[in-house]
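Engineer: Mind looking at a prediction? Sequence and model below.
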Amino acid sequence: MRLTSCFAVFGGGLIFLATPGGVVESANLSNRASISADRSTIGRRCHAMTENFSVFSFVGGPDAEKLGRRAEELRRQLRERWLDGTHHATWPVRCQVVVHGSRTSYSHSVGRGAAQTKGSSLIRTSGGEVSFRRLDLMADGEAEPSALAHELSHVVLADHFRGNQPPRWADEGIALLSDCDHKQSLHRRDGMNALYRGEQLPLVEILTSQELRDPTRIGAFYGQSLMLVELLVRRHGSNVFFAFLETASQAGYDLALRQCYGLNGIAELESVWREEVLGSRS
Ligand SMILES: [Zn+2]
């Protein structure tokens, strides 16, 4: 089981709050009878099912049917970009997508830590496969909640890791690449600012952190993770990148870097990363 609760951008700053796993498990869709009824209101559907998604919206919120089609499109794009076609073409159990019209409803579902986030994903696994998928999204006045692509990225990627917890930096770095260009640029800016100020996180810390407790370092973590994923994928593509993660999980990052990228461990990766990101912006 894994719950990720991601970022919100407020005034250009990044705020991250980790949400403890298990909180959402106590939530029950029956508590949301008022929003799960399949009815039309001012032409918008509050509940719709597509091949892989069961979407729950609310009266006056995003059209569930359109959102379901959009989720299918994003899922297809994410699978084409990151997965190698060896995973289920259709999920055996539909992913629940719940769009919340109020902060109260969202917080009730997501639990502690939801106050400054706009999206959350919950994944449960069983027997090495993902058995449950759910997204909670805050409506933000648009047809598509802004956190949809990011959170869906976490859910799609979970198929690749087959019940294992992916490294946080890689999971977030890939998901950030699904965000709009503006959000991505804000994350890169945070990473670069940390670097310019000498406040960047050591790569070894980025690579091994699964929980982020220091709110003053969240921006650097997200920015650096994004740029690190970009650097590695740019070098040899996503297949080698995932092979690198697999090797690292079994034999450590130093060996994985040597085998997959010809780099002499984390120290050389750090120096290559600094060179590339500073050089590209000089
Ligand atoms: Zn995320």
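Structural biologist: Done, it's in.
Engineer: how near is Thr247 to the ion?
Structural biologist: 24 Å (Cβ to the ion, to the nearest Å). Heads up, the C-betas are built off the backbone N, CA and C, glycines and all.
Engineer: so that residue makes contact with Arg258?
Structural biologist: No: counting by Cβ atoms under 8 Å, Thr247 sits too far from Arg258 to count as a contact (9.4 Å).
Engineer: can you tell me which helix in this protein is longest?
Structural biologist: helix 218-251 (DSSP state H).
Engineer: Tell me the residues of the stretch 51-200 of the chain that contact the ion?
Structural biologist: Glu172, Ala175 (Cβ under 5 Å from the ion).
Engineer: the helices in the stretch 51-200 of the chain, which residues?
Structural biologist: 64-82, 103-110, 148-161, 168-176, 181-196 (DSSP state H, counting those that start in this stretch).
Engineer: Could you dump the ones you listed into CSV and include distance to Arg213, mean neighbour count and mean pLDDT?
Structural biologist: Output for the helices of the stretch 51-200 of the chain, formatted as CSV (distance: least, Cβ to Cβ, whole Å; neighbours: other Cβ atoms under 10 Å; pLDDT from 0 to 100):
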stretch, distance to Arg213, mean neighbour count, mean pLDDT
helix 64-82, 28, 18, 94
helix 103-110, 18, 18, 92
helix 148-161, 20, 24, 94
helix 168-176, 12, 24, 96
helix 181-196, 17, 17, 94
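Engineer: Redo the ones you listed as a markdown table? Include distance to Val272.
Structural biologist: Below are the helices of the stretch 51-200 of the chain laid out as a markdown table (distance: least, Cβ to Cβ, whole Å):
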| stretch | distance to Val272 |
| --- | --- |
| helix 64-82 | 23 |
| helix 103-110 | 38 |
| helix 148-161 | 25 |
| helix 168-176 | 16 |
| helix 181-196 | 14 |
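Engineer: Other residues contacting stretch 190-199?
Structural biologist: Residues outside stretch 190-199 that contact it (Cβ atoms under 8 Å, 6 or more residues apart in numbering): 14, 200-201, 219-220, 222-224, 226-227, 274, 277-278, 281.
Engineer: Buried subset of those residues, written for PyMOL?
Structural biologist: In PyMOL, this line selects whichever of the contacts of stretch 190-199 come out buried by 16 or more other Cβ atoms under 10 Å:
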select buried, resi 14+200+201+219+220+222+223+224+226+227+277
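Engineer: Model confidence score at Arg281, please.
Structural biologist: According to the prediction, Arg281 has pLDDT 53.
Engineer: pLDDT below threshold where in this structure?
Structural biologist: Residues of the chain that meet the criterion pLDDT under 70 lie in 1-43, 85-88, 280-282.
Engineer: Can you list the helices and strands that the longest helix of the chain packs against?
Structural biologist: Using 3 or more Cβ pairs under 8 Å, 6 or more residues apart in numbering; DSSP states H and E, the elements in contact with helix 218-251 are strand 13-16, helix 64-82, helix 168-176, helix 181-196, helix 203-208, helix 253-261, helix 265-279.
Engineer: In contact with the closest residue to Ser209 other than its chain neighbours, which residues are there?
Structural biologist: Excluding the flanking residues, the one nearest Ser209 by Cβ to Cβ, 6 or more residues apart in numbering is Arg168, at 5.9 Å. By Cβ under 8 Å, 6+ apart, Arg168 lies in contact with Ser209, Gln210, Glu211, Leu212, Ser225.
Engineer: next one: Asn52
Structural biologist: Ala71, Glu72, Arg75, Thr90, Trp91, Arg94, Cys95.
Engineer: which among those residues gets closest to Trp82?
Structural biologist: Arg75 (11.0 Å; Cβ to Cβ).
Engineer: Could you double-check that the closest one lies in contact with Ala149?
Structural biologist: No: counting by Cβ under 8 Å, Arg75 does not reach Ala149; the two are 10.0 Å apart.
Engineer: For the stretch 51-200 of the chain, which residue gets nearest to the ion?
Structural biologist: Residue nearest to the ion within the stretch 51-200 of the chain: Ala175 (4.3 Å; Cβ to the ion).
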